[in-house]
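Chemist: Show me how the following folds:
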Amino acid sequence: MNRPIFLLFAVRNLRLHWLRSLLAMIGIIIGVVAITSMGILGSSLVLSISEDLTTVGDTIVVIPHTGGSAMGRGGGIASDDLITSRQLERITRASVPHTVIPVYSGGERIRVGGETGYAALYGMRTSDVPLLLELSDGQYLRGASGAMVGPRLAETYSMKTGSRFSIGAFGQSLRVVGILEERGMGFDINSDNAVIVSDRWFESTYSPTGYDSVIVKVRSLEEIEGVKESIEKSLNRRETEVDVYDTRAILSTILETFGRISTFTIAIGGISLIVAGVSIFNVMMMSVMERYREIGVLRSIGCLRREIRRMFFYESLLLGIAGSLVGGLLSVAGGYVALLIMLENTSYLLAPSSLIYIPIGMVFGVGTSVLSGLYPAWKASEANPIEALRHE
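Modeler: Next comes the predicted model:
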């Protein structure tokens, strides 16, 4: 007998027991959708974090070694945990010819109209602001009387260019001169929910004795290690005065961590396929028992063991292919829903690194189905023809 006959036998049996076959196929569909959706979600999460953080991939951040355990000026670091002017000079010399940006930071209460809230506060030299932040509307800082605000802060309080708000315990009034471009998470500063003021305004308001951090913008990624080592040698030769962070290394670590999380979520989705495999195994074993006499007839007219195995193999293969195809199509919708709920952003759905999980999920679906049908197929092929013919 040739292969198409056994394929037709397999199709016939699946049609005769369509409800049982459908239930087994639904298990494969659920498993494929679970694996693919979790894969798309994990990949999109990595892409989102990577996009948010790569803007500071060429950055070195220097902070006081003590880490800022005490708090001051509305949430900023206390005077004992600051980078002094002398240390700033040494950092600048060690970083030549790269750009060095000293930053004051803290947090303050703000009042916009009748609304009050809390915002991060950064003080920088006006000439440094365009080097670090991009403008969405208005203009950059020029004097000590204005302020720039992050896009999320502006959206929360309906702030526009020209709006006025008060800040701090004494309610000092500031006018918004510019709205910043959305920047996302950063290791240097997080400006999306922040107020940016000039260093002169910050100094006249809080009288700081040093800077909270120093940001070094390196011209090329290849020079990061050299600049980092130069700063370490200059300030930490005798004792550790500052901590120097290479944001590229931090970025790599975070992406690796999220990659592991993505793998873990896919493994959770794989549990659904294990359940589906058990279901198909059960379906195939029931099929063997119900068709025991039919197997005896086929063996008695000359069918070989490998041909009997082939017939049952085709059944499990067809279940796997059908379930995986439907599951692959539904995975796009499943991934869209997962991204909409978890990230509220579906822009990464069609990214190649996300779409690759659809064929991966389908392969796993077919593979699970085939593996689940191997033992029942072998069991059927080993049936004794005489005993099978006597089977009721």
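Chemist: so what strands line up beside the helix or strand harbouring Val195?
Modeler: Val195 belongs to strand 194-198 when assigned by DSSP states H and E. Strands that pair with strand 194-198, judged by DSSP bridges, come out as strand 115-124 (parallel), strand 146-149 (antiparallel).
Chemist: Buried deepest among the ones you listed, which one?
Modeler: Mean neighbours per residue, mean count of other Cβ atoms under 10 Å, is largest over these for strand 146-149, with a mean of 26. In this view, the C-beta of every residue, glycine as well, is placed from N, C-alpha and C.
Chemist: May I have the following helix or strand past that strand exported as PDB, CA atoms only?
Modeler: The helix or strand immediately downstream of strand 146-149 is helix 151-156, counting by DSSP H and E. What follows is helix 151-156, C-alpha atoms only, in PDB (Å, rounded to 0.1, in the frame of the first residue of the first chain):
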ATOM      1  CA  PRO A 151       6.400  66.100  28.600                       C
ATOM      2  CA  ARG A 152       4.600  63.800  31.100                       C
ATOM      3  CA  LEU A 153       4.700  66.500  33.800                       C
ATOM      4  CA  ALA A 154       3.300  69.000  31.300                       C
ATOM      5  CA  GLU A 155       0.600  66.600  30.200                       C
ATOM      6  CA  THR A 156      -0.400  65.800  33.800                       C
END
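Chemist: what comes into contact with helix 151-156?
Modeler: Applying Cβ atoms under 8 Å, 6 or more residues apart in numbering, the contact partners of helix 151-156 are 117, 119, 136, 159-160, 176, 179-182, 192-195.
Chemist: Greatest separation within those residues: which pair is it?
Modeler: Using Cβ to Cβ, the pair of the contacts of helix 151-156 lying farthest apart is Gly117 and Glu181, separated by 21.4 Å.
Chemist: any idea of the mean pLDDT in the host helix or strand of Leu339?
Modeler: Leu339 is part of helix 305-342, with elements assigned from DSSP H and E. The pLDDT scores in helix 305-342 average 86.
Chemist: so what secondary structure elements neighbour that helix?
Modeler: Secondary-structure packing of helix 305-342 (3 or more Cβ pairs under 8 Å, 6 or more residues apart in numbering; DSSP states H and E): helix 3-16, helix 18-53, helix 247-290, helix 292-300, helix 357-381.
Chemist: so where is the stretch 101-250 of the chain shaky, pLDDT-wise?
Modeler: Scanning the stretch 101-250 of the chain for pLDDT under 70 picks out 185, 221, 247-250.
Chemist: Weed out the non-buried ones from the contacts of helix 151-156.
Modeler: Buried members of those, scored by 16 or more other Cβ atoms under 10 Å, are Ala119, Met159, Val176, Ile179, Leu180, Asp192, Asn193, Ala194, Val195.
Chemist: mind putting the residues you listed in CSV, distance to Ser213 included?
Modeler: What follows is these, written out as CSV (distance: Cβ to Cβ, whole Å):
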residue, distance to Ser213
Ala119, 18
Met159, 26
Val176, 24
Ile179, 24
Leu180, 18
Asp192, 18
Asn193, 18
Ala194, 14
Val195, 17
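Chemist: and of those, the nearest to Phe313?
Modeler: Nearest to Phe313, judged by Cβ to Cβ, of the buried ones among the contacts of helix 151-156 is Asp192 at 56.6 Å.
Chemist: Phi, psi for that closest one please.
Modeler: Dihedral pair for Asp192: phi -60, psi -30, per degrees, to the nearest 10.
Chemist: residue contacts, it?
Modeler: Asp192 makes contact with Gly150, Pro151, Arg152, Leu153, Leu180, Glu182, Arg183, Gly184, according to Cβ under 8 Å, 6+ apart.
Chemist: Domain parsing of this structure, as residue ranges.
Modeler: As assigned by automatic domain parsing, the chain contains the domains 3-52+252-390, 59-217.
Chemist: for the ones you listed, which one sits closest to Glu241?
Modeler: Using Cβ to Cβ, the domains of the chain put domain 59-217 closest to Glu241, at 5.7 Å.
Chemist: Who's the closest spatial neighbour of the residue nearest the centre of the chain, skipping the chain neighbours?
Modeler: When the chain is reduced to its mean C-alpha position, the closest residue under Cα atoms, centre = their mean turns out to be Leu45, at 1.7 Å. Residue nearest to Leu45 in three dimensions, not counting chain neighbours: Phe258, with 5.8 Å by Cβ to Cβ, 6 or more residues apart in numbering.
Chemist: What separation is there between the one you found and Thr84?
Modeler: 37 Å (Cβ to Cβ, to the nearest Å).
Chemist: okay, these two: which has more neighbours?
Modeler: Under the criterion of other Cβ atoms under 10 Å, the comparison of Phe258 against Thr84 puts Phe258 first, with 18 against 13.
Chemist: From what I see, the more buried one and Ser44 are in contact.
Modeler: No - between Phe258 and Ser44 there is no contact under Cβ atoms under 8 Å: 10.4 Å.
Chemist: For stretch 378-392, what does the pLDDT average out to?
Modeler: Here the average pLDDT along stretch 378-392 is 68.
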